[in-house]
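J.: Build me a model:
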Amino acid sequence: MAVSKPNYLMPIISKMYCSSSQVVLVVRRRPQVVGGGGFVVMNCSQRVVFQVDGCGILGKKGELILRDSDGDAILLIRQLKGGLVQALSIHKKWKGYYDYHGFQKSVFSVKEPNQNSCFPTSNSVKISAEPNYVGQSSDWNFEVKGYFPDKNCSIVDSLGNIIAQIGVKEEIEKAMTSKDVYHVIVQPGIDQAFVFGVIAVLDYIYHESTRC
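T.: Numbering: from 1, shown residues only. Okay, the predicted model is just below:
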């Protein structure tokens, strides 16, 4: 699989969250005493870059908030509920909303895997940027390859280029039985807020730190 090294910015949320160089960030879940409390994202200087509030803080299931280092909300992420289309679909769907000049603008959607399906293609997590990004004709722009609970997976674009890679450093893996701490490598030009919005949904889907 090719590793993406774009020479352009891909601001799905905002260009302010894109870096011209590769970025390595560390995710640490909040203490177990906070049920569904979420996680924090830190840079190499141990400074908080993002934080995610889960249902234990928000008091609502199927809802997440991605915040910046100052605690200001960047994204409201909701699991869609109700409606005929959603009822007939074999996939559950999430949407990420960005506060754009006072109104909520839908910026991406995530389809949960159909875990009851025998077909591998139904078991992958598909992500669509909204509106459809860079004129792609497919109904999805990104996909999660690998298995998130193992912290061994990547977010790839529709051409197979890796935009973000999730893993656990060997020394941490040996010292810990759980994956409470892991790293995320975000490629140059990629919107980091978008990446961690997707990771917040993955965390909830697989019953981890954001889910009560």
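J.: For the nearest residue to K145 once chain neighbours are set aside, give the beta-bridge partners.
T.: What sits nearest to K145 in space, not counting adjacent residues and going by CB to CB, 6 or more residues apart in numbering, is S154, at 5.0 Å. C-betas here are computed from N, CA, C, even on glycine. Counting by DSSP bridges, S154 forms beta bridges with K145, Q165.
J.: what's the single longest helix in this protein?
T.: When secondary structure is assigned using DSSP state H, the longest helix within the chain turns out to be helix 192-205.
J.: picking that back up, show me the contacts for the residue nearest to K145.
T.: With contacts taken as CB atoms under 8 Å, 6 or more residues apart in numbering, S154 has the following neighbours: M1, V144, K145, G146, I162, I163, A164, Q165, I166.
J.: at 10 Å instead, please
T.: Contact analysis of S154 by CB atoms under 10 Å, 6 or more residues apart in numbering lists 1, 3-4, 143-146, 160-167, 185.
J.: so what's it scoring on pLDDT?
T.: With respect to pLDDT, S154 has a value of 97.
J.: what do you get for A87?
T.: At A87, pLDDT is 45.
J.: swap in the one 10 residues further on?
T.: Looking at Y97, its pLDDT is 96.
J.: Spatially nearest residue to it (excluding sequence neighbours)?
T.: If the residues on either side of it in the chain are set aside, Y97 comes closest to Q104, at 4.1 Å by CB to CB, 6+ apart.
J.: so the one you found makes contact with L76?
T.: Yes: with contact taken as CB atoms under 10 Å, Q104 and L76 are classed as touching, separated by 6.7 Å.
J.: intersection of neighbour lists for these two?
T.: Common contact partners of Q104 and L76 (CB under 10 Å, 6+ apart): K95, G96, Y97, Y98.
J.: if I've got this straight, F39 is in a strand?
T.: Yes: the assignment for F39, made by DSSP: H, G, I helix; E, B strand; the rest coil, places it in a strand.
J.: How far does stretch 79-98 stretch from one end to the other?
T.: Taking CA to CA, to the nearest Å as the measure, stretch 79-98 stretches 15 Å from start to finish.
J.: Much appreciated, bye for now.
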